[in-house]
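Trainee: based on what follows, work out the 3D shape:
(one chain, ligands or ions: 1)
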Amino acid sequence: MLRINNLVLTVTDPDTGQQTEILHGNSFELAQGEALGLVGESGSGKSMTLKCVLGIEPPGARVTGAIELDGTDMLTASGEALRKIRANDLALIAQNPHGALNPVLPVERFLIEGMSDARSKDKKTARVLAADLLRQVGIDDTERVLRSYPHQLSGGLLQRVVIAGAISGDPKLLLADEPTTALDVTTQAEVVAILDEKRREHGLSMVFVTHDLDLAAAVCDRLAVMKDGEIVEIGTPEEIRDHPETEYTRNLMAARPMLYPKGHPAAFLSENKEAQA
Ligand SMILES: Nc1ncnc2c1ncn2[C@@H]1O[C@H](COP(=O)(O)OP(=O)(O)OP(=O)(O)O)[C@@H](O)[C@H]1O
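Mentor: As a prediction, the model looks like this:
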């Protein structure tokens with residue numbers, strides 16, 4: 001459903017006019033319902049890849065190659081076609097959930113406006129649907145949360161709201177950019193589990209950007225390892241874990257900042273390491 005072919009991103013320094021190539025001709029494909037993790041060190045080009053898919057690369061940047069979503073090349077599509085794809089088919093879950101919601105509107109408005117099937121409903125029905133959405137992401141005190149403004153909710157709760165909103169719009173592709181990095185480990189585990197469960201339930205494809213190899217392995221079918229703007233290997237978490245092809249990937253695995261405790265959704269690699277030890 002998503003096909004990226006020979007993606008090159010070049011940015012131009014507005015002061016000096018100097019051009020720098022940031023992504024060096026990357027290609028990958030994503031099947032319907034599949035989750036691909038983009039993993040790599042800081043600055044390796046993970047977020048820029050997502051930005052290219054979203055069409056929000058830095059001003060003055062040049063993108064070449066192809067980014068096809070269900071056969072439509074987003075690099076050559078008309079403005080109207082692109083607007084529709086971005087509004088209907090793509091949903092972004094970013095690191096900071098506060099950025100996704102309007103700070104002066106209650107959560108209720110965010111959810112109702114994003115719902116594909118609630119816009120035509122009366123206010124009461126739309127509210128019932130919004131409450132139902134919240135229950136789907138494990139939020140029980142729906143009345144309080146619907147009435148709350150974003151600043152009144154914790155990051156973890158708000159990220160659940162963002163996930164609920166993303167799912168409700170019935171997108172084809174979820175783009176998750178370090179969605180749990182700002183959360184503490186326990187909350188992170190809960191939010192990752194909800195994201196994983198909802199994505200599978202709705203059969204959505206996902207590109208999951210993270211520097212955390214364990215986390216990516218926990219929620220993705222395949223991992224693409226990025227280094228200095230290039231994808232250096234792609235494989236299933238098991239393939240990457242058991243047969244890393246590059247020294248860089250081996251170092252990434254060795255340098256993981258923390259090992260997750262048993263039972264944490266991201267304990268996949270750690271548990272195996274324990275088992276191998
Ligand atoms: N607005 C920008 N203009 C020019 N270059 C940029 C811009 N933003 C990022 N870069 C450069 O693009 C490269 C890739 O950055 P990117 O943000 O995609 O990395 P990343 O892998 O997502 O890292 P992180 O995990 O730190 O977010 C880096 O060398 C970075 O310096």
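Trainee: over to the residue of the stretch 51-200 of the chain found nearest the ligand. Which of the three states is it?
Mentor: Sorted by distance to the ligand under Cβ to the nearest ligand atom, the residues of the stretch 51-200 of the chain start with Pro58, at 3.7 Å. From N, CA and C alone the C-beta is placed, and that goes for glycine too. When classified by DSSP: H, G, I helix; E, B strand; the rest coil, Pro58 comes out as coil.
Trainee: which ones are touching it?
Mentor: If a contact means Cβ atoms under 8 Å, 6 or more residues apart in numbering, then Pro58 has Val11, Lys51 as its contacts.
Trainee: against Gly229, how distant is it?
Mentor: 14 Å (Cβ to Cβ, to the nearest Å).
Trainee: kindly report the same for Glu190.
Mentor: 33 Å.
Trainee: got the phi/psi numbers for Val232?
Mentor: Its backbone dihedrals place Val232 at phi -100, psi -20, with angles given as degrees, to the nearest 10.
Trainee: how about the nearest residue to Pro14, chain neighbours excluded?
Mentor: With sequence-adjacent residues excluded and distances taken as Cβ to Cβ, 6 or more residues apart in numbering, Pro14 is closest to Gly60, at 6.4 Å.
Trainee: could I get the pLDDT score of the one you found?
Mentor: The per-residue pLDDT reported for Gly60 equals 85.
Trainee: next: Leu134.
Mentor: Residue-level confidence at Leu134 comes out at 95, pLDDT.
Trainee: isn't Arg160 up against Ile194?
Mentor: Yes. Here Arg160 reaches Ile194: they are 6.0 Å apart, a contact under Cβ atoms under 8 Å.
Trainee: near the residue nearest to Pro14, how many other residues are there?
Mentor: Taking other Cβ atoms under 10 Å as the neighbour definition, Gly60 ends up with a count of 12.
Trainee: just Thr210 next, same as before
Mentor: Thr210 sits with 26 neighbouring residues when counted by other Cβ under 10 Å.
Trainee: now do the end-to-end distance for stretch 74-93.
Mentor: One end of stretch 74-93 to the other measures 20 Å (Cα to Cα, to the nearest Å).
Trainee: quickly check: that stretch near the ligand or not.
Mentor: No. Contact between stretch 74-93 and the ligand, assessed by Cβ under 6 Å from any ligand atom, is absent, since the two come no nearer than 13.9 Å.
Trainee: in contact with the residue of the stretch 101-250 of the chain found nearest the ligand: list those residues for me.
Mentor: Going by Cβ to the nearest ligand atom, the ligand is nearest to His211 of the stretch 101-250 of the chain, at 5.0 Å. Applying Cβ under 8 Å, 6+ apart to His211 gives the contacts Val39, Gly40, Glu41, Ser42, Lys46, Glu178, Thr181.
Trainee: now, of these, which are buried?
Mentor: Neighbour counting by 16 or more other Cβ atoms under 10 Å classes Val39, Gly40, Glu41, Lys46, Glu178 among these as buried.
Trainee: and for Thr142, the neighbour number?
Mentor: 18.
Trainee: hmm, it is touching Leu134, no?
Mentor: Yes. Here Thr142 reaches Leu134: they are 4.6 Å apart, a contact under Cβ under 8 Å.
Trainee: of the buried ones among the contacts of His211, closest to the ligand?
Mentor: The shortest gap between the ligand and any of the buried ones among the contacts of His211 belongs to Lys46, at 3.7 Å (Cβ to the nearest ligand atom).
Trainee: one step back: could you dump the contacts of His211 into TSV with distance to the ligand, pLDDT and secondary structure added?
Mentor: TSV is the format used below for the contacts of His211 (distance: Cβ to the nearest ligand atom, whole Å; pLDDT from 0 to 100; DSSP: H, G, I helix; E, B strand; the rest coil):
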residue	distance to the ligand	pLDDT	secondary structure
Val39	9	96	strand
Gly40	6	95	strand
Glu41	7	92	coil
Ser42	3	92	coil
Lys46	4	96	helix
Glu178	7	93	coil
Thr181	9	86	coil
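Trainee: could those be laid out in a markdown table, adding distance to Leu54?
Mentor: A markdown table is the format used below for these (distance: Cβ to Cβ, whole Å):
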| residue | distance to Leu54 |
| --- | --- |
| Val39 | 19 |
| Gly40 | 19 |
| Glu41 | 22 |
| Ser42 | 20 |
| Lys46 | 13 |
| Glu178 | 15 |
| Thr181 | 18 |
